[in-house]
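*Asks:* return atomic coordinates for the entry below.
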Amino acid sequence: MEPLFFVMAILGCGDGQAACQQARIVPARYETMAQCRAALPDQIARNTDLSYPVIAADCRQGGQRMASGAKASPRG
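*Replies:* This is a model prediction of the structure:
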């Protein structure tokens, strides 16, 4: 299984952040949500080339999360 990580989506929005759409995904992976959030201002500044009135970003979970200690019981 792939480990859990976070990615950042760059969003293009209308005025007042209405109708935001995903414009691209930053090609970096972050180990924690906190690391991703800390990088938001820098990545927004690097992605101002989009043709939207407002540029925003959002951290999203990627990879798979493994169940912790839960065992499935057989059904019979």
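*Asks:* what pLDDT is listed against Ala18?
*Replies:* Per-residue pLDDT puts Ala18 at 70.
*Asks:* look up how far Leu11 lies from it.
*Replies:* Distance, Ala18 to Leu11, using C-beta to C-beta, to the nearest Å: 11 Å. The way it works is simple: take the backbone N, C-alpha and C, and place the C-beta from them, glycine included.
*Asks:* these two: who's more crowded?
*Replies:* With neighbours defined as other C-beta atoms under 10 Å, Ala18 and Leu11 compare such that Leu11 has more, 20 against 9.
*Asks:* doesn't that one lie inside a strand?
*Replies:* Yes - assignment of Leu11 by DSSP: H, G, I helix; E, B strand; the rest coil places it within a strand.
*Asks:* can you tell me what sits against stretch 28-40?
*Replies:* For stretch 28-40, contacts defined as C-beta atoms under 8 Å, 6 or more residues apart in numbering pick out 5-8, 26, 57, 59, 61-62.
*Asks:* so who does the nearest residue to Ala23 once chain neighbours are set aside touch?
*Replies:* In space, Ala23 comes closest to Gly12 once its chain neighbours are excluded; the distance is 4.3 Å by C-beta to C-beta, 6 or more residues apart in numbering. Remark: with contacts taken as C-beta under 8 Å, 6+ apart, Gly12 is in contact with 20-21, 23, 50-52, 54-55.
*Asks:* partners of the worst-scoring helix or strand of the chain on mean pLDDT in the sheet?
*Replies:* Between all helices and strands in the chain, the lowest mean by mean pLDDT, DSSP states H and E belongs to strand 54-62, at a mean of 93. Paired neighbours of strand 54-62 in the sheet (DSSP bridges): strand 5-13 (antiparallel).
*Asks:* please report how far Asn62 lies from Met33.
*Replies:* Slight slip there: residue 62 is Gly, not Asn. For Gly62, the distance to Met33 equals 11 Å [C-beta to C-beta].
*Asks:* thank you, goodbye.
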